[in-house]
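Asks: Attaching a predicted model along with its sequence, questions to come.
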Amino acid sequence: ENSGAATTRTARWDYARYAATAIQTLEQRYYTGSGTWNMCLPAICNQSNVDWGADSLTYTLYFAAKLGETSQADPIMTALTSTARRYLAGTSDWSDVPMWDAVADIREFQVTGDAVALVNAKDAFKLVDSVEAPYFAAGACPGIDYQRRRGGRNYLKTLETDSNYIKAALLLFEATRQPYYLTRAEQKYAAVRRYFLSPRIPLYTLYVYDQGTYCVQRQRLYFASVNGNMIWDGATLARLTRNRTYLAQAISTARAISGRLADSTGVFADLQVENDVAEPLVEAMYLLATTDHLAFARSWLLRSASAAAASRTPVGSYGRYFDGPPPLAPVTAWQANGGLAVMIAAAKLDPHGTPAQPGFWRNALFVNRSASLPPDRAGQVRISFTGRAIAIIGTLSRHCCSPGHAQIAIDGRRLLNRSGVWQGKFSTGTTLFQSVLFAWRWRTAGPHTITITPAVPDQSSDRTFFAMTGYYVVP
């Protein structure tokens, strides 16, 4: 056993300083200086200004500008507008990519007022909404969109498309005051509630499969990104239509996230693929905390920020898990945006507040243990220990791309989120050693057992993969 997860010494910092350094990392390290974002830090795996990884950093910069935490957003947003992808007929076989980009385009417009950014957003929205609608809005449930034209190979419909469709339509309505956008947002919202909302829990799953005769959910894939979007969508629809049913639905989902998608200390645990982005959830919770004055949303943000302080890396980025240690591997844009955003939110809510234990992982013990699951869905990996936190370490992108989902049970209880570890679903294509695969905290130390079992097969993840190199335990 070896001692010491990587940590940074920031014990006396308040949230205002955490936010200032988060914005500095965003503007001076993730931003390339030429209209694109670095997708990893400190190593640079690639640079981009397209799709949800890059867009999540654009959203974070907008969030900082909206909250008055930065004065440098305007030139960066102008440069991002100049390199943004233009969406015309035939320019995308995907529906979710232009929808992520449409939201980023409007956020750029809101900061700069640049009419080009608004045109970009309209074109991206129009591509899915009308130009390519015969290919995307098809199947047995045409109210929601295929991710690929005509369903591609797996007939997948993803809430990444439709939750962003609603968000983009609402933002376009606010920018143009054209009633068409508001009408389309309400129609899509109703379809999403019908097909993506879980039957017994007010959370939205990520995937629906539509082979042309019927539509079926892939249950319990509760991504931060799409649930955050749906909270924001509902709260914004309520404000624009004065129909408070929308707000009640948004609050119900937010409460479910706060109470059901948390570790044993109440900190949000994003037990999904590496490329789930948490900024939309942070932004949505901030909207509820401030505009709607909901104390539980404010507490969720400050609780998340307090934990995330202990995941800050030496270069000022943040790990994917708010409750985990600082990653030793390069931190991707997909992983970092949530921690950056939650610090910005905390600084606005409680600028002079301080995290409870910024050095939480400093005395962690590392246990060297290689273990894996076989691909034939047999067997399990069990980790028994005594402590108040665990972080499992392994390599991302060893087994790309869809395979790699493994389920996790804690002390015999399977987690609500179906994906416990999805080790192979990684967006940059770069192998990242010493990555955090899973993290969990308890309020006090005690004996615990983590059990990792094979995935349940479906159309998007047909093989199991899990391999770890060891784990940290906080005594």
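Replies: Now that the structure is in, tell me what you want to look at. Residues are numbered from 1 along each chain as shown.
Asks: what's the average pLDDT for stretch 388-402?
Replies: Taken as a whole, stretch 388-402 has a mean pLDDT of 80.
Asks: To clarify, my last question referred to stretch 169-181.
Replies: Here the average pLDDT along stretch 169-181 is 98.
Asks: Repeat that for stretch 439-451.
Replies: pLDDT averaged over stretch 439-451 gives 97.
Asks: before we move on, what about stretch 93-106?
Replies: 97.
Asks: Likewise for stretch 287-300?
Replies: Computed over stretch 287-300, the average pLDDT equals 98.
Asks: Give the buried residues for it.
Replies: Neighbour-count burial for stretch 287-300, counted by 16 or more other C-beta atoms under 10 Å, picks out Leu287, Leu288, Ala289, Thr290, Leu294, Ala297, Arg298, Trp300. Every C-beta, even on glycine, is put in place using the N, C-alpha and C of the backbone.
Asks: The residues you listed into a markdown table, with extra columns for secondary structure?
Replies: As requested, these are arranged in a markdown table below (DSSP: H, G, I helix; E, B strand; the rest coil):
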| residue | secondary structure |
| --- | --- |
| Leu287 | helix |
| Leu288 | helix |
| Ala289 | helix |
| Thr290 | helix |
| Leu294 | coil |
| Ala297 | helix |
| Arg298 | helix |
| Trp300 | helix |
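Asks: which among those residues gets closest to Phe63?
Replies: Leu287 (10.6 Å; C-beta to C-beta).
Asks: thought the closest one was touching Asn229?
Replies: No: look at Leu287 against Asn229 with C-beta atoms under 8 Å: they stay out of range, at 11.5 Å.
Asks: what ranges do the strands span in the stretch 251-400 of the chain?
Replies: 331-332, 365-373, 381-396 (DSSP state E, counting those that start in this stretch).
Asks: what packs against the shortest one?
Replies: For strand 331-332, the elements it packs on are strand 40-41, judged by 3 or more C-beta pairs under 8 Å, 6 or more residues apart in numbering; DSSP states H and E.
Asks: which ones are touching the closest residue in space to Tyr59 that isn't next to it in sequence?
Replies: Of all residues not flanking Tyr59 in the chain, Glu279 sits nearest, at 4.9 Å (C-beta to C-beta, 6 or more residues apart in numbering). Glu279 makes contact with Ser56, Tyr59, Thr60, Phe63, Ser225, Gly228, Asn337, Gly338, Leu340, Ala341 under the criterion C-beta atoms under 8 Å, 6 or more residues apart in numbering.
Asks: tell me the pLDDT at Glu279?
Replies: 98.
Asks: mind starting the numbering at 495 from now?
Replies: Done: numbering now begins at 495, and the last item shifts to Glu773.
Asks: Could you check how far it is from Tyr780?
Replies: 10 Å (C-beta to C-beta, to the nearest Å).
Asks: Mind listing the shared neighbours of those two?
Replies: With C-beta under 8 Å, 6+ apart, Glu773 and Tyr780 have common neighbours Phe557.
Asks: Next up, the contacts around the residue most central in space within the chain.
Replies: With distances taken as C-alpha atoms, centre = their mean, Val771 lies nearest the centre of the chain, 1.9 Å away. For Val771, the contact set (C-beta under 8 Å, 6+ apart) comprises Trp546, Gly547, Ser550, Ala718, Ser719, Trp828, Asn831, Gly832.
Asks: Name the stretch among the strands of the stretch 745-894 of the chain that sits most buried.
Replies: Stretch with highest mean neighbour count among the strands of the stretch 745-894 of the chain: strand 825-826 (a mean of 27; mean count of other C-beta atoms under 10 Å).
Asks: Quick one: mean pLDDT for that one?
Replies: 93.
Asks: what's it in contact with?
Replies: 533-535, 539, 547, 768-769, 807, 809, 811-814, 921-922, 926.
Asks: Give me the buried entries from those residues.
Replies: The buried subset of the contacts of strand 825-826 - by 16+ other C-beta under 10 Å - is 533-535, 539, 547, 768-769, 807, 811-814, 921-922, 926.
Asks: closest to Ile745 among those residues?
Replies: Arg814 (26.0 Å).
Asks: How about Arg687, nearest residue that isn't a chain neighbour?
Replies: Nearest to Arg687 is Gln743, by C-beta to C-beta, 6+ apart, at 7.5 Å.
Asks: For Ala609, grab the count of nearby residues.
Replies: 10 (other C-beta atoms under 10 Å).
Asks: For it, list the residues it contacts.
Replies: Neighbours of Ala609 in contact, by C-beta under 8 Å, 6+ apart: Phe603.
Asks: just checking, Leu551 touches Thr530?
Replies: No: taking C-beta under 8 Å as the definition, Leu551 is not a contact partner of Thr530, at 10.0 Å.
Asks: Compare these two (neighbour count), which wins?
Replies: Leu551 (30 against 19).
Asks: so where do the helices sit in the stretch 645-794 of the chain?
Replies: According to DSSP state H, counting those that start in this stretch, the stretch 645-794 of the chain carries its helices in the segments 653-670, 673-689, 718-735, 738-754, 773-784, 789-802.
Asks: Give me the residues contacting the last one.
Replies: So the one you mean is helix 789-802. 509, 512, 748-749, 751-752, 759-762, 776, 779-780, 782-783, 812-813, 816-817, 832-833, 836-837, 839-840, 843-844, 847, 849-851, 854, 935.
Asks: where in the stretch 845-969 of the chain is pLDDT low?
Replies: By pLDDT under 70, the low-scoring segments of the stretch 845-969 of the chain are 869-871, 892-898, 912-913, 918-923, 951-956.
Asks: mind redoing it with 90?
Replies: Low-confidence segments of the stretch 845-969 of the chain (pLDDT under 90): 867-873, 889-901, 908-926, 948-960.
Asks: any chance of the strands of the stretch 745-894 of the chain in CSV, with distance to Gln641 too?
Replies: Formatted as CSV, the strands of the stretch 745-894 of the chain follow (distance: least, C-beta to C-beta, whole Å):
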stretch, distance to Gln641
strand 825-826, 21
strand 859-867, 28
strand 875-890, 22
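Asks: Which stretch among these approaches Phe619 most closely?
Replies: That would be strand 825-826 among those, by C-beta to C-beta, at 27.0 Å.
Asks: ok, the closest one: who's next to it in the sheet?
Replies: strand 534-535 (antiparallel) (DSSP bridges).
Asks: now the partner strand: how far from the chain's centre is it?
Replies: Offset of strand 534-535 from its chain centre (C-alpha atoms, centre = their mean, to the nearest Å): 17 Å.
Asks: go on, stretch 821-834?
Replies: Distance, centroid of stretch 821-834 to centroid of chain: 11 Å (C-alpha atoms, centre = their mean).
Asks: got the end-to-end distance for it?
Replies: Start and end residues of stretch 821-834 are separated by 15 Å (C-alpha to C-alpha, to the nearest Å).
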